[in-house]
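A.B. asks: Quick one, what's the 3D model for this:
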Amino acid sequence: MAAKDLYSVLGVQRTASADDIKKSYRKLARKYHPDVNPGNKDAEERFKEVSQAHDILSDTEKRKLYDQFGMDGLQAGFDANQARAQRAWAGAGGGAEEASARGGGFRYSNFEDIFGDMFGGGAHPGPQPGQDIEAALDVDLLDAIRGVSTQISLDRPETCPTCNGSGSDPQSETVCPECQGRGQVQAGRGPISMMRTCPRCHGARRIGTRVCATCHGEGQTMHRERLNVKIPAGVDEGSRVRVAGKGAAGRGGGPPGDLYIVVRVRPHPLLERKGNDLYLDVPVTVSEAVMGASIGVPTPDGPVRVKVPPGSQSGKRLRIRAHGVPALKGGGRGDLYIRLMVQVPVDGGEEVRDAVRKLDSGYGKDPRSELRL
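C.D. replies: Next up is the predicted model:
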């Protein structure tokens, strides 16, 4: 079955900008995330497809290789310069005529045939990097603003300790008869002499006749691990934090993949976040609103003093600069906006009621005189 086009997976055009790709990924990731669709295997597979497409298309170099060579261009050991040379040579007519003249008897019918020869007709190359994995992490809004170091537990695929990733019982291994233990065989003819990974032993140089009893031929086992992770200040809902080398183990000596922590931010009972700005309702007394005052206001960085102007109405908004959310990639931080909420005494006795009657004389006119629909 042909691999799905990564642009189609994300629902964007091939000319899509980096922002378009990011927006589409976030939308689809929220829709198909396993936590939103528990037990739904189709949604889980769709989420994996969307994540893989985003990982490739959001990386400038990977996207360039994919646009030129498809998924073959992302294979471990792929040489783009050699592939371009083969393409130019085959396009110039050297692929068939030259082979026949040499008695080789082979013919490249299309560019995929060249890749097949380079990589062993679709066989796995030797060292392969491990897959990236994802884990969700819930954090409080204040931790998202300030940053936090925490621990997470997750199951990671690791190289099988019994067979060292080969998938075969070590006691049954013998020298590969295909490559005679060299791990490589001669590739197709062309302007550049090439060797390809042995299609039988996949570069391991030895093959086994029995499956490993520990991993049942998978070459990997699941391992529970507890990791210390650092969540940077300024993360938002859906932010992905990369932990290098903590994904699935590689195969054939390949490097491990990466772990991506998907952040989910719990709402705060008092603070509200909009972009990098924060909003907070602050109660003030009638006298503070009428006469003005200096009041203490809590912020993510600690309490600060704020001047309440005389005659402030309930709902008046004041700005505290640079006390909002720090930008993830630098460039300062947002502001904290406070909204004054005038609080009246619930029951202060006759003296309070007398004071309120005197206060009424200061209005001059009905405060609702201009209230019309």
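
A.B. asks: From now on I want contacts and neighbour counts done on CA atoms only, so please keep to that.
C.D. replies: OK.

A.B. asks: thinking C212 is in contact with C160, fair?
C.D. replies: No: here C212 does not reach C160: they are 9.1 Å apart, not a contact under CA atoms under 8 Å.

A.B. asks: what touches both of these two?
C.D. replies: Residues touching both C212 and C160 (CA atoms under 8 Å, 6 or more residues apart in numbering): G167.

A.B. asks: Flag the shaky bits of the stretch 51-200 of the chain, pLDDT-wise.
C.D. replies: Counting by pLDDT under 70, the stretch 51-200 of the chain contains low-confidence ranges at 76-77, 82, 84-126, 188-193.

A.B. asks: could you pull out the strands for it?
C.D. replies: Taking DSSP state E, counting those that start in this stretch to define them, one finds strands in the stretch 51-200 of the chain at 133-140, 148-159, 173-175, 184-186, 195-197.

A.B. asks: Over to the stretch 251-373 of the chain?
C.D. replies: In the stretch 251-373 of the chain, the segments counted as strands under DSSP E, counting those that start in this stretch are 259-266, 272-274, 277-285, 293-297, 304-308, 317-320, 336-343.

A.B. asks: Looking at those strands, which is nearest to V235?
C.D. replies: strand 259-266 (7.4 Å; CA to CA).

A.B. asks: Could you list the buried residues of that closest one?
C.D. replies: Going by neighbour count (16 or more other CA atoms under 10 Å), the buried part of strand 259-266 is L259, Y260, I261, V262, V263, R264, V265.

A.B. asks: Flag every buried residue along stretch 73-81.
C.D. replies: Quick answer for stretch 73-81 (16+ other CA under 10 Å): G73, L74, F78.

A.B. asks: Keep only those of the residues you listed that are in helices.
C.D. replies: Members of the buried residues of stretch 73-81 lying in helices (criterion: DSSP state H): none.

A.B. asks: and which of the residues you listed is nearest S369?
C.D. replies: Ranked by distance to S369 (CA to CA), the buried residues of stretch 73-81 are led by L74 at 71.5 Å.

A.B. asks: Quick check: the closest one touching L65?
C.D. replies: Yes: counting by CA under 8 Å, L74 does reach L65; the two are 6.8 Å apart.

A.B. asks: And the helices in the protein?
C.D. replies: Here the chain has its helices, by DSSP H, at 6-10, 18-32, 41-57, 60-69, 80-91, 94-101, 111-118, 141-146, 286-291, 349-360.

A.B. asks: Cool, thanks, talk later.
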